[in-house]
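*Asks:* What would the 3D arrangement of this be:
(2 chains)
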Amino acid sequence: MYYATFSIDKQTYAIELGYIQEFAETLTFTSLPQPHGSVIGIANLRGLVVSVLDLRHRILAKFSEHAHPQFAVIRSAESLPSVKMDFEALYTSKEPVALMIDSRGGVLELDEKKLQPSSGHGSQLYKEYVKGMIELDHTILLVLDITKILGLSEIETSQLS
Amino acid sequence: MSEDSEDLLGGYHEESVEHLAVLEEKLLLLEKGNASKDDINSAFRSIHTVKGGSGFFGLKTIGSMAHVMEDLLGQYRAGTQEISAAGCDALLEGYEKLLACFEDLSSSEEIDISKPLSAIKKILSGNDAPAEQQIQTDKTSDSTIVEHPFASIPATVLPGYWIQFNLNESNAADIVENLASVGEVLETIPKVIAEAKDKLEVLFTTVLEPSLLEDVIPKPVFMHPFENLKGSPTQHAPKQTNASILTPEAVTQNAEEEPISIIESTPKKEDAASNKKKTKNNISIRVDFDQLSKLINLSGELILSRNQFINKLAGPQLDEFIAMSKQISELQEGLMKTRMQPLSVVTAGFPRLVRNLAKQLDKKVELKVIGEDIELDRNILEGISAPFTHILRNSLDHGIESPEERHKVGKPQAGKITVYAYQRGGYVTIEVKDDGKGIDPEKIKSIAIKKGVLKQSEADLLSNKQAISLIYAPGFSTAEKVTAVSGRGVGMDVVKTDFEKLGGTVDLDSTFGHGTTLTIQLPLSVAIIQSIIVDVAGELYALPRNNIREVVILDSFEERKALEQLHGSDVLRHRKMLLPVVNMGTVLGAKRTFVADETIIEDQREHLADRRAPDRREPELERRKEQRITIIIMNIGEDQYGLVVDKVSHQEETVVKNLNQILNQLDHFMGVTILSSGKVCFILDNQGFVKLANITFKQKSFATNAEGEKAAQHSQDSAEDYLLFESAPGERVALLAGLIQKAAVANMSEVMVSKNQKFITNNGVDYKLVFLHEALELSAFECKEEFYYVIPKYSSIPFAFVASKICGIHTVSNNLELVGVAEKGKIGTVVYDSKLLTVLDLYALEDIYFSGHLIRSTTKLGGVKHVLVVEDALVFRKILKGYLEEMGVRCDMAKHGKEALGLLESSNYDLVISDIEMPVMDGYELIQQIREKEEFKYLPVIALTSLVSEDNRQKGLALGFNDYLVKTDKKGFVSGIYKSLLGSESPVPALAEIS
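*Replies:* Numbering: from 1, shown residues only, chains lettered A, B, ... in the order given. The predicted structure follows:
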């Protein structure tokens, strides 16, 4: 299983490659006057208006203060039916979402079976977003669960209705 | 295969709905007695088609209902049954049941049609009972086996028939061709059709119900189903056990009862018609709505790309592109038009609605709809259906009176409701007018007061139109009791919001006794709007143009005075109204900034009207700071408010894109757009924003309008605020509120007496108590146990007037009709609020009480000086006049700068004393004008104003005033005047220390 990696706050994370549409080094986005949850604004992605989600805020509850953030654009459900996007997402499945990260890393092939529970490491992280961790070349890689990151928690479901 | 049948069912559904619409129209005409033969025919055909299809799909309830309706209509058509009210009622009820069935085909079987069914059957059985007969014949013919001339009867999946035709009047080839178009002709006798002479036999299978075949072929001699044929492999009961299935015998029987042939239009046309919508003049085709929406979205994107692209072009490239650009715009417009549907889509249901309601309420109503051909965007049509229904209900319930009531007031018994739609520019206007009893503004007012929406005093200030607008308050319902029709209080406010959500406006006008007119304006299209792009806290936002009334830019100090504070909120005085003002950035939660000298600086003021504290560390910067305030006056329904932005950037035609789902909760944004620069920006939703900003208009606008009028008067006529109190009981006096420090209550026990003088202590200061009758011709009185005292400001010696009662602060116009004898110490007496009011001259009174005052000086002025006083406040004019005349000076008065200039032309003055804040032309303007004239270069002009700041003083002196005196410093200004008159530094003996 291939994973795309990136870092936030000097910690490396990984998301299944199939979900990623592209990495953008710059994205001119318009900020919301006030962040709406973790959504900090909207951006023009080749004619399509996408929401920009501060991933750091989503998983660490702190807004990013990075001077030159990069973005990982997650596919819309429609574009790749083979990818399982049947969870109730924060965004409408018709549009991609841009996740704000610090910088991108490379693509790795990981064996899911080698995933260990991440208890103890990264204690500020919301555990539900992490599938598990893998040790690689003396660094710890946290594998994120995109369905949880972009999925709706119970609170949000009740807020949306 | 299942998809195909779904398509078929869907097709049947769509067509049936259309047929039902036609049916409804004709049934209503029938009821009124206005139906022609064509109309009845048309109704018959419609129900016939619906019935036919129902059999094929096994929709029994629909079939049964349609069947009896068809029978009755058939009898009406033939003339064998008289058209009765009961009949029409039953038919319409049947129609409604059918409508219900079609709403959800899957549960249509559960719809209870017993009532109209039995009603119609009863009517039908007044003649013979063909329905019953038919069912019997069904049964009998089932068991008959018939011999046939064919070799064998093939096994068929579909129902098959042996049909024999008489060829006297029809052509065999035609018949076979027609049959072939609706089914399969298995065998014919004779084999070669051209050889057929007087009869033709056909073995034929089809999906069509036999009765439908009647449309396609001439009357057959007979028609036997395969099951009844000898040797037929399919000798079992036919699949369709619907009672409405007709056997050959029944077919012929039916044909006998209906002398007028059903086949009036050629079969081809009927068939073709099932795929085409019968619109007035044009042919139309069905298009998948999603596909169309995709195309429209795409064209919107095209427009955005075009906007971005065109910015990058110049010169010859631009010229060449212009043609393409135009085509792109036209393409988009054309596509938008495909989403347009005529208003009749909504209004078609009105006649029936009105009829039903009128019946329910026992009223007679005529409905007229004009202009229903006008086309509107489909989204808008969907949105207006519900509010219009509500409006009609209201009109019928509360507007139109009962026939008796109408007769009593001389109106025709039938009420009239007119729906009139027309188009003007980019808007469609729809007027709903009734000639009912209208709305009683008094009744509305009293209900509003009862519900606590308004106070009586506020209600009194309302005009009739404003009173009627109270109807829009949520939960407002004037109905004494909730009827089943309306009155639930889910009322006009929802209607209003519904229309406003679509970008429209609502206006209500009513004449009590004569009727009510509701005028609704709707925009023609939704998706592309003109916007004004504004800069707020560093980001751009789009404001839809149609919400914007005007843009106000306050540049100068004077202009900024229009921003004030009222009850703690910012307001703007604009065109005789007081509008609430909010800062867009603050409401949205962005950091608040203001523009100064092209730079954006963070704003730390609480209120916009506050003057910012000068930054003493940066005097240079301070002076340069241009406090330009940009306010956009927005419309919201009938009200307005001011939206402060940092600056207006530009105007753009923007394509509205929906907000991403995740941001849907943000009510204050209605969408996003991509600007021609490529940047995305949010589009403001006026409604949502007003809610977010918590701007309330309901009472405030009424109140503030009244206050606004008073305030407006203030700027024109100089009304002033006075404190009214009573010295001796019943004797009212007034003192300029601005001159009063405070008023308080005291007890006799607190009074200290010393040397025959009474004192009271307040906040550590001892105030001498004085009685007005000591100075003026007023009644004497004694303090009771409890009394009031009024402490003036700026008195050299602390003192307080004794009062028996405080009446409060009132705004009294300066157009006082002064009556009575002028006395020192009083400006005069006026009649105010039906009582005599003595207006006090504080300064003079001070003089009287405390000898050793300023004015009585022994210094004489050489010669009689002529002074021009420029002052808008009547009271102050009088005060000044008083002083000046004591000094032995002749004075002329002017109310403002312009008047003063006029007087300066005609007379010579030794001195001009001018106020600064005046209407028409203020002091600053005046001094500039004066100094511009050669002859007035050295004319002594001094300012006498209440503007105390150093800035103002510097400005005044810089502009040319010789001296700048302040009204609050009486000592100062009197001596200042003296100085100017004497032209030298002169000691005024009376200025010796007052002890």
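
*Asks:* okay, CA-based contacts and neighbour counts for the rest of this
*Replies:* Noted.

*Asks:* helix or strand for B:Lys768, which one?
*Replies:* strand B:765-770 (DSSP states H and E).

*Asks:* Now find how far off-centre that strand is within its chain.
*Replies:* 58 Å (C-alpha atoms, centre = their mean, to the nearest Å).

*Asks:* Mind checking the pLDDT average for it?
*Replies:* Average pLDDT, strand B:765-770: 87.

*Asks:* Could you do stretch B:838-856 as well?
*Replies:* Per-residue scores along stretch B:838-856 average to 66.

*Asks:* What separation do you get for B:Ser749 and chain A?
*Replies:* For B:Ser749, the distance to chain A under the criterion C-alpha to the nearest C-alpha, to the nearest Å works out to 61 Å.

*Asks:* and the residue in the stretch 751-900 of chain B positioned nearest to chain A, helix, strand or coil?
*Replies:* Taking C-alpha to the nearest C-alpha as the measure, the stretch 751-900 of chain B has B:Thr811 as its residue closest to chain A, at 43.0 Å. Classification of B:Thr811 into helix, strand or coil gives strand, according to DSSP: H, G, I helix; E, B strand; the rest coil.

*Asks:* Not counting its neighbours along the chain, what's nearest it?
*Replies:* Across the structure, with C-alpha to C-alpha, 6 or more residues apart in numbering or on different chains as the measure, the residue nearest B:Thr811 apart from its sequence neighbours is B:Asp721 (4.3 Å).

*Asks:* Where does that neighbour fall, secondary structure wise?
*Replies:* Using DSSP H and E, B:Asp721 falls in strand B:720-726.

*Asks:* cool, and B:Leu331?
*Replies:* Residue-wise, B:Leu331 maps onto helix B:315-338 under DSSP H and E.

*Asks:* What residues sit buried inside that helix?
*Replies:* B:Phe321, B:Ser325, B:Ile328, B:Ser329, B:Leu331, B:Gln332, B:Glu333, B:Leu335, B:Met336, B:Lys337, B:Thr338 (16 or more other C-alpha atoms under 10 Å in any protein chain shown).

*Asks:* same deal with stretch B:428-442?
*Replies:* Buried residues in stretch B:428-442 (16+ other C-alpha under 10 Å): B:428-439, B:441.

*Asks:* any idea which of the buried residues of helix B:315-338 is closest to B:Asp174?
*Replies:* Closest approach between these and B:Asp174, by C-alpha to C-alpha: B:Thr338, at 39.8 Å.

*Asks:* Would you enumerate the residues in contact with that closest one?
*Replies:* In this structure, B:Thr338 makes contact with no residue, judged by C-alpha atoms under 8 Å, 6 or more residues apart in numbering or on different chains.

*Asks:* After the helix or strand harbouring B:Ser42, which helix or strand is next?
*Replies:* Taking DSSP H and E as the definition, B:Ser42 sits inside helix B:37-57. Past helix B:37-57, heading to the C-terminal end, the next element that is a helix or strand (DSSP H and E) is helix B:60-78.

*Asks:* Please name every helix or strand in contact with that next one.
*Replies:* helix B:37-57, helix B:85-103, helix B:114-124 (3 or more C-alpha pairs under 8 Å, 6 or more residues apart in numbering or on different chains; DSSP states H and E).

*Asks:* Now the terminal residues of stretch B:891-905, how far apart.
*Replies:* Stretch B:891-905 stretches 15 Å from its first residue to its last (C-alpha to C-alpha, to the nearest Å).

*Asks:* mind listing what's buried in that stretch?
*Replies:* B:Cys891, B:Asp892, B:Met893, B:Ala894, B:Lys895, B:His896, B:Gly897, B:Lys898, B:Ala900, B:Leu901, B:Leu903.

*Asks:* Show me which pair in those is furthest apart.
*Replies:* Of all pairs drawn from these, the one with the longest distance (C-alpha to C-alpha) is B:Cys891 and B:Lys898, at 17.3 Å.

*Asks:* count of residues packed around the residue nearest to A:Glu135 when sequence neighbours are not counted?
*Replies:* The shortest distance from A:Glu135 to any residue that is not its chain neighbour, by C-alpha to C-alpha, 6+ apart, is 6.1 Å, and that residue is A:Leu141. By the other C-alpha atoms under 10 Å in any protein chain shown criterion, the neighbourhood of A:Leu141 contains 21 residues.

*Asks:* quick one: contacts of the helix or strand hosting A:Leu141?
*Replies:* Per DSSP H and E: A:Leu141 is located in strand A:139-144. Taking contacts as C-alpha under 8 Å, 6+ apart, the residues outside strand A:139-144 that touch it are A:11-15, A:118, A:129-135.

*Asks:* rerun that using 6 Å as the cut-off
*Replies:* Counting by C-alpha atoms under 6 Å, 6 or more residues apart in numbering or on different chains, strand A:139-144 makes contact with A:Thr12, A:Tyr13, A:Ala14, A:Ile15, A:Tyr129, A:Val130, A:Lys131, A:Gly132, A:Met133, A:Ile134, all of which sit outside it.
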